[in-house]
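Peer 1: this one's sequence-less:
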Ligand code: SF4
């Protein structure tokens, strides 16, 4: 029997785990009491991780490379050499004939930082395309642009320990109780210790988190900016702002006053569908608390105005000086386990490594020198929705997908499925062989997964933790970074024969060391954070050479990463959701997570006990809307949007007000079945934020009708 310290592979809380294994079997998992992010706690998903590695659950694993040369035929088994040579030949020919932007990589916030780094270097360094985007685009890119536009760089300023210091918690667009359960336990404990702690929750649904709040603002979907502007309007009116802090540390105050002038409580109450006095109470508590901490997630991010929502919330902190102190600051929670690590290495089509910019000649030159290449792309590549649109139109011809399931998770699935069917080549690097994306794959590359791989991840509080292997990989499965390196070397011999390889990596630690060097002198400098240092304890960035510990909190000196050192107020306008409800599609659909499932259920779908909480997908509706349509609780309904339709059972949901319906995101074709039921995202809207390029997965207009059974 052996014990191995690692990290939970689900959400961005990044809980430390201790894995027990016997031989090559993982037999148990428990929370790591020494990990500062969870102190031994795990939620239902984390505490059942070992069951996802059981022999039964492993039956669906991809264990050997497979490929087909003819779409009409099933894939056959090949060796790694045969498979990677074939793909390298096809990619090289495509790049030679149609240019670097004719290929794309679509990767994942489930990948480790080392995996992300190699894919980013492969696309932007070797091939010369910025067409490398990630499913994190669907989850947190609005948080990135929100921070960039206000604080200068993509750096969350807070830590989980701020939950213990806060006197007021402002939770917006986050059902923390279900999406980040271990953090919610910490919030509950904080209130037990401090009954004076005020909790405000902004959410259209009366979720478990909202029920915990002292004040719940059930705003209409997408109206967050109107609410935040109105709160600021009141803070200005009541002189509850910190003029000294603003004068010393923030730019754009005069423009801000103009931007929020029209947002009286009465106007905002009408737009947001909440009481004016509740807006006033929220503004007062936020501004007058000794320490206000905001927590926010997909409700702000997955929106066609996601950047504005994030930035308007940061405004509240800058205007009141609620930042850079214990218990105060705007704290974006990441959904995926390594969305942060991907951001750090520039694993997005819009960024370069270590928060460098594709549009800065200095940054590009630095990156090219570090990578030993002539140049890196000078413009953004295709982001998630654009990438599959380009695949659909033929502008992008070949796609390499790693550790993600876009045939279930992308909005407007009918078009995404068509795009995958039209692609000249689809390469899928995956641990599981039965995802919704697998049938589209011409090549399936078996990858290792949690419990089998080595590397690092960064959680929401900038804390980097080692991920360790407890058991060997099944069959011929290989680590994601190693597959990418092997392919990159084969592509080098075809695109740049005779040149020394820029992929000298023989271990994840070697990749990590190059990544560390790329951060030298940057805001997220981790040059001092070696694997040896991480062996001792997880650490927060920045962690420059010579440091003995990371930084708990950023901007404590009021100096921001902008040319002037001052933060900037966001002064943009409120914009409603992209798709308004109308006579044809009168209901507003929102989607979200369940407590006990993760993404497309590739992993949690294998654990029977995780179906105890919610056993099957149900469309939540208010009792009023069900009665109006003559629907009974548990009746089969058809939900239709402008993009498609799915069939599920309807259920009365007391969390919803009339006019709104709710559907969990997790169930795909494998579970729903049916010709037109590829999953929730069959009906969601691909409209995206113009700055963050994050699609509006949180809102679509739909109609719901009973299905006549034969
Ligand atoms: Fe895993 Fe998140 Fe649960 Fe922690 S809170 S155990 S990281 S799913």
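Peer 2: Here it is on my side, so go on. The model shown is predicted, which means the values in this text are computed figures rather than measured ones. Numbers count the residues shown, from 1 in each chain.

Peer 1: for the stretch 301-450 of the chain, what spans make up the strands?
Peer 2: 329-332, 351-352, 356-357, 398-402, 425-430, 443-446 (DSSP state E, counting those that start in this stretch).

Peer 1: what mean pLDDT does the second one get?
Peer 2: For strand 351-352, mean pLDDT is 96.

Peer 1: also the third one?
Peer 2: On average, the pLDDT along strand 356-357 is 96.

Peer 1: which residues are in contact with it?
Peer 2: 346, 351, 363-364, 366-367, 522 (C-beta atoms under 8 Å, 6 or more residues apart in numbering). In short, each C-beta sits where N, CA and C put it, glycine included.

Peer 1: which residues touch whatever residue of the chain ends up closest to the ligand?
Peer 2: Taking C-beta to the nearest ligand atom, the ligand has its nearest neighbour within the chain at residue 46, 2.3 Å off. Contact partners of residue 46, counting by C-beta under 8 Å, 6+ apart, are 8, 10, 15, 17, 29, 31, 182.

Peer 1: just the buried residues out of the contacts of strand 356-357, in ChimeraX syntax.
Peer 2: This is how ChimeraX selects the buried members of these, with burial counted by 16 or more other C-beta atoms under 10 Å:
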select :346,351,363,364,366,367,522
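
Peer 1: got JSON lines for the contacts of strand 356-357, with distance to the ligand too?
Peer 2: Converted to JSON lines, the contacts of strand 356-357 look like this (distance: C-beta to the nearest ligand atom, whole Å):
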{"residue": "346", "distance to the ligand": "24"}
{"residue": "351", "distance to the ligand": "25"}
{"residue": "363", "distance to the ligand": "32"}
{"residue": "364", "distance to the ligand": "35"}
{"residue": "366", "distance to the ligand": "34"}
{"residue": "367", "distance to the ligand": "32"}
{"residue": "522", "distance to the ligand": "27"}
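
Peer 1: now for the contacts of strand 356-357: which two are most distant?
Peer 2: Largest separation among these by C-beta to C-beta: 364 and 522, giving 14.4 Å.

Peer 1: ok, back up a step: please list which of the contacts of residue 46 are also close to the ligand.
Peer 2: Filtering these for neighbours of the ligand using C-beta under 6 Å from any ligand atom leaves 8, 10, 15, 182.

Peer 1: ChimeraX command to pick out the buried ones of those?
Peer 2: Selecting only the buried entries of the ones next to the ligand among the contacts of residue 46 in ChimeraX, with 16+ other C-beta under 10 Å as the criterion:
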select :8,10,15,182
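
Peer 1: next, work out how far apart residue 254 and residue 569 are.
Peer 2: Remark: distance between residue 254 and residue 569 (C-beta to C-beta, to the nearest Å) = 9 Å.

Peer 1: compare the two (neighbour count), which wins?
Peer 2: residue 569 (25 against 10; other C-beta atoms under 10 Å).

Peer 1: got the contact list for the most centrally placed residue in the chain?
Peer 2: What sits nearest the mean C-alpha location of the chain, by C-alpha atoms, centre = their mean, is residue 139, with 3.1 Å. Each residue near residue 139 by C-beta under 8 Å, 6+ apart is listed here: 109, 298, 301-302, 334-336, 339, 694.

Peer 1: change it to 10 Å
Peer 2: Residue 139 is in contact with 12, 109, 297-298, 301-302, 334-336, 339, 409, 599, 694, 697, counting by C-beta atoms under 10 Å, 6 or more residues apart in numbering.

Peer 1: and if you look at residue 219?
Peer 2: Here residue 219 is in contact with 172-173, 202-204, 226-227, 268, 271-274, 278-279, 299 (C-beta under 10 Å, 6+ apart).

Peer 1: cool, and residue 627?
Peer 2: Applying C-beta under 10 Å, 6+ apart, the residues near residue 627 are 621, 652, 658.

Peer 1: what's the helix or strand for it?
Peer 2: Per DSSP states H and E: residue 627 is located in helix 623-628.

Peer 1: after that helix, which helix or strand is next?
Peer 2: As assigned by DSSP H and E, the chain's next helix or strand after helix 623-628 is strand 636-640.

Peer 1: next up, phi/psi of residue 5, please.
Peer 2: phi -80, psi 130 (degrees, to the nearest 10).

Peer 1: that one and residue 31 touch, don't they?
Peer 2: No: Residue 5 is beyond contact range of residue 31, at 11.1 Å (criterion: C-beta atoms under 10 Å).

Peer 1: shared neighbours, those two?
Peer 2: With C-beta under 10 Å, 6+ apart, residue 5 and residue 31 have common neighbours 16-18.

Peer 1: ok now the helix holding residue 627, how far from the chain's centre?
Peer 2: The chain centroid and the centroid of helix 623-628 are separated by 34 Å under C-alpha atoms, centre = their mean, to the nearest Å.

Peer 1: ok, stretch 17-26 next?
Peer 2: Using C-alpha atoms, centre = their mean, the offset of stretch 17-26 from its chain centre is 28 Å.

Peer 1: next: stretch 438-454.
Peer 2: 20 Å.

Peer 1: for stretch 310-319, same thing?
Peer 2: Worked out by C-alpha atoms, centre = their mean, stretch 310-319 lies 21 Å from the chain centre.

Peer 1: could you save the strands of the stretch 301-450 of the chain as a markdown table and add columns showing distance to residue 706?
Peer 2: Below are these laid out as a markdown table (distance: least, C-beta to C-beta, whole Å):
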| stretch | distance to residue 706 |
| --- | --- |
| strand 329-332 | 40 |
| strand 351-352 | 47 |
| strand 356-357 | 52 |
| strand 398-402 | 37 |
| strand 425-430 | 38 |
| strand 443-446 | 40 |
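
Peer 1: quick one: residue 524 and residue 113 touch, right?
Peer 2: No: using C-beta under 10 Å, residue 524 makes no contact with residue 113, being 11.7 Å away.

Peer 1: what touches both of those two?
Peer 2: Common neighbours of residue 524 and residue 113 (C-beta under 10 Å, 6+ apart) are 340, 343-344, 458.

Peer 1: show me which of the residues you listed are buried.
Peer 2: Here, 16+ other C-beta under 10 Å leaves 340, 343-344, 458 buried among the shared contacts of residue 524 and residue 113.

Peer 1: what's the most distant pair in these?
Peer 2: 343 and 458 (8.2 Å).

Peer 1: what sits in contact with each of the two?
Peer 2: With C-beta under 10 Å, 6+ apart, residue 343 and residue 458 have common neighbours 113, 334, 524.

Peer 1: what sits closest to the last one if chain neighbours are left out?
Peer 2: This points to residue 524. residue 541 (5.0 Å; C-beta to C-beta, 6 or more residues apart in numbering).

Peer 1: next up, the contacts around that neighbour.
Peer 2: Residue 541 neighbours (C-beta under 10 Å, 6+ apart): 155, 340, 344, 458, 462-464, 519, 522-526, 528-529, 547, 550-551, 554.

Peer 1: right, and residue 309 touches residue 299 too?
Peer 2: Yes: with contact defined as C-beta under 10 Å, residue 309 and residue 299 form a contacting pair (8.3 Å).
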